[in-house]
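**Student:** sharing a sequence plus its predicted fold:
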Amino acid sequence: MKGSRGPRSPLWLARLSREKLGLPAALLFCALFFLAGLFGSLLIFSPSPSQDGRVPRLLLELDDADAERPAMNNGKTGEPTTTLIPFQVLSWKPRALYFPKFATAEQCQTIVKKAKSRLRPSTLALRKGENAENTKGIRTSSGTFLSSSEDSSGVLRQIEEKIARATMIPREHGEAFNVLRYEIGQRYASHYDAFNPAEYGPQKSQRVASFLLYLTDVEEGGETMFPYEDGSNMDIGYDYEKCIGLKVKPRQGDGLLFYSLFLNGTIDATSLHGSCPVVKGEKWVATKWIRDQIDNRQPSCHTGEYMYDLPPHVIK
Ligand SMILES: *[C@@H]1O[C@H](CO)[C@@H](O)[C@H](O)[C@H]1NC(C)=O
């Protein structure tokens, strides 16, 4: 109704002018409120200064997603829950992974104690023309083989199972643990863990990978070294006793996995490795060599060592 709007009176004018002023004021107020809200939310949800790179943020998001996600249905041979086995890729040439805190200090101490009573000077697989005399000094550590079947504490079995899960290579493919002690000055010149058929003759099975579990911290020296990492030093007539290249410092309970073979079965030349001399302290390490065939050889009843002792051999 026309009349309801009332006459043009001063009161009506005043109301109109208030409305005309009120509309822009309300808009301005809303805009300010919106901006305040926007900045407020940015302050609350902005990443902390330490999160500078994109990778950590991505990892953070993955972590959040994992927390809400239930474990996948598992098959008969699988596991009902997820496991966290942290690792660091040390190198792609050779393929080398580091596993911090793979074993506990107690587990390490148990293995050292068990091995201590059985230590003997480490031996070498000899090639044509090599004998004890002319290979002296290549491998100066003491060691022993320990099989999980003769370990009543169950620790070796636990470690074996964890290695099998981390590598997805069944436990049966592993040789018995070779536990080594390096004292001051003791070392292991660079060598391959795999056996080149051209030098050692045809092999029934081959070592695919090696898992080293450091049983003690070493105050100084004793690093595992890969002198050819990423193809370096390969063309300089490298002295196999020299400690160069990628060096991995032993830390109690930490694990180091590397592959000696490419996927096509040939030996990866960059998997050449050795042990730098211990300068201070003592180095204890348990090595698990993993083969392409199931390893069912039995330790000799006389020496506790395997019937055909394998290791290494320096390449020349
Ligand atoms: C095996 O694989 C490696 C790495 O991919 C390659 O460099 C090499 O040539 C291959 N050897 C044979 C015989 O296929």
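**Tutor:** Now that the structure is in, tell me what you want to look at. Residues are numbered from 1 along each chain as shown.
**Student:** helices along the stretch 1-150 of the chain, start to end?
**Tutor:** 10-45, 54-68, 105-116 (DSSP state H, counting those that start in this stretch).
**Student:** typed the wrong thing, it's the stretch 151-300 of the chain
**Tutor:** 155-167, 197-200.
**Student:** could I get the buried residue list for the longest one?
**Tutor:** The one in question is helix 155-167. With burial defined by 16 or more other Cβ atoms under 10 Å, the residues of helix 155-167 counted as buried are Val155, Leu156, Ile159, Glu160, Lys162, Ile163, Ala164, Ala166, Thr167. From N, CA and C alone the C-beta is placed, and that goes for glycine too.
**Student:** counting contacts, what elements does it pack onto?
**Tutor:** Contact analysis of helix 155-167 by 3 or more Cβ pairs under 8 Å, 6 or more residues apart in numbering; DSSP states H and E lists helix 105-116, strand 207-214, strand 255-259, strand 283-291 as its packing neighbours.
**Student:** 10 Å - rerun?
**Tutor:** With contacts defined as 3 or more Cβ pairs under 10 Å, 6 or more residues apart in numbering; DSSP states H and E, helix 155-167 has these neighbours: strand 95-99, helix 105-116, strand 177-182, strand 207-214, strand 255-259, strand 283-291.
**Student:** show me which positions of the longest one end up buried.
**Tutor:** Just to be clear, that refers to helix 105-116. By neighbour count on 16+ other Cβ under 10 Å, the buried set for helix 105-116 is Gln107, Cys108, Thr110, Ile111, Val112, Lys114, Ala115.
**Student:** ok, the most centrally placed residue in the chain to Leu90 distance?
**Tutor:** In the chain, the residue lying closest to the centroid (Cα atoms, centre = their mean) is Tyr98, at 2.5 Å. Counting by Cβ to Cβ, to the nearest Å, the gap from Tyr98 to Leu90 is 5 Å.
**Student:** okay, now the closest residue to the ligand within the stretch 101-250 of the chain: neighbour count?
**Tutor:** Per Cβ to the nearest ligand atom, Gly231 is where the stretch 101-250 of the chain lies closest to the ligand, at 11.3 Å. For Gly231, the neighbour count with other Cβ atoms under 10 Å is 10.
**Student:** contacts only, for it.
**Tutor:** Lys93, Ala269, Thr270 (Cβ atoms under 10 Å, 6 or more residues apart in numbering).
**Student:** which of the residues you listed ranks first by neighbour count?
**Tutor:** Most neighbours among the contacts of Gly231, by other Cβ under 10 Å: Thr270, with 25 neighbours.
**Student:** let me know the closest of the contacts of Gly231 to Ile138.
**Tutor:** Nearest to Ile138, judged by Cβ to Cβ, of these is Ala269 at 19.0 Å.
**Student:** let me see the contact set for Lys128.
**Tutor:** Contacts of Lys128 by Cβ under 10 Å, 6+ apart are Glu199, Tyr200, Gly201.
**Student:** and the residues you listed, which are buried?
**Tutor:** Looks like these have none buried, using 16+ other Cβ under 10 Å.
**Student:** just the pLDDT for Val278.
**Tutor:** pLDDT, Val278: 96.
**Student:** run a quick neighbour tally on it.
**Tutor:** 23.
**Student:** got the residues of the stretch 151-300 of the chain near the ligand?
**Tutor:** The stretch 151-300 of the chain has residues Phe262, Asn264, Thr266 near the ligand, with proximity defined as Cβ under 6 Å from any ligand atom.
**Student:** Throw the residues you listed into a markdown table and include distance to Thr140, thanks.
**Tutor:** Converted to a markdown table, these look like this (distance: Cβ to Cβ, whole Å):
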| residue | distance to Thr140 |
| --- | --- |
| Phe262 | 31 |
| Asn264 | 35 |
| Thr266 | 30 |
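**Student:** my guess is Glu175 meets Ser148, correct?
**Tutor:** No. Between Glu175 and Ser148 there is no contact under Cβ atoms under 10 Å: 11.1 Å.
**Student:** quick revisit: could the residues of the stretch 151-300 of the chain next to the ligand be laid out in CSV, adding pLDDT and neighbour count?
**Tutor:** Below are these laid out as CSV (pLDDT from 0 to 100; neighbours: other Cβ atoms under 10 Å):
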residue, pLDDT, neighbour count
Phe262, 98, 13
Asn264, 96, 5
Thr266, 96, 11
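**Student:** right, I'll call it a day here.
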